[in-house]
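Asks: give the three-dimensional model of this entry:
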Amino acid sequence: MYGIAELNNGQALNASFPYTMSDLARILDMGSWHYVNQEFEKLRKLTDFNIKASDNNYHVSLNLGKVVSENYSSEALDLLRKLINGEQFELNP
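Replies: As a prediction, the model looks like this:
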């Protein structure tokens, strides 16, 4: 799904996946990342798509030595907005 060059280019990867779950919660005025996680669980139940299970257009896991950072794209933010507002959405993993 991602080209090797993109994965090796940290700036491009950071630009494509600029948000943590806490960032998404703050932007969406949800208070805590736990509520974002609940929306992702709702998405999984509705569609059988686990957004966090693998790297995809919405999510990437970045191994930062002993720490793994889970980052999300603008597409994930848009998807969350639609899910929260009860709007129709189309998945593009």
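Asks: wasn't residue 60 part of a strand?
Replies: Yes: secondary structure of residue 60 (DSSP: H, G, I helix; E, B strand; the rest coil): part of a strand.
Asks: now do the same for it: its pLDDT.
Replies: For residue 60, the pLDDT comes out at 95.
Asks: what does residue 69 give?
Replies: So residue 69 comes in at 89 (pLDDT).
Asks: can you list contacts of the strand or helix carrying it?
Replies: Assigned by DSSP states H and E, residue 69 belongs to strand 67-72. With CB atoms under 8 Å, 6 or more residues apart in numbering as the contact definition, strand 67-72 has outside contacts at 14, 17-21, 23-24, 52, 58-62. Yep, even glycine has a C-beta here, placed from its N, CA and C like the rest.
Asks: now the strands for this structure?
Replies: 59-64, 67-72 (DSSP state E).
Asks: now the residue nearest the centre of the chain. Nearest residue, chain neighbours left out?
Replies: In the chain, the C-alpha nearest the mean C-alpha coordinate belongs to residue 72, at 3.2 Å (CA atoms, centre = their mean). Nearest in space to residue 72, with sequence neighbours left out and distances taken as CB to CB, 6 or more residues apart in numbering, is residue 19 at 4.4 Å.
Asks: wait, that neighbour touches residue 25, no?
Replies: No: in this structure, residue 19 is not within contact of residue 25 by CB atoms under 8 Å, at 9.6 Å.
Asks: buried ones in the strand holding residue 69?
Replies: Of all the residues in strand 67-72, those buried under the rule 16 or more other CB atoms under 10 Å are 71-72.
Asks: same check, this time on stretch 33-41
Replies: 33, 35-36, 39-40.
Asks: so what's residue 31 up against?
Replies: Residue 31 neighbours (CB under 8 Å, 6+ apart): residue 25.
Asks: from residue 25, how far out is it?
Replies: Here residue 31 is placed at a distance of 6 Å from residue 25 (CB to CB, to the nearest Å).
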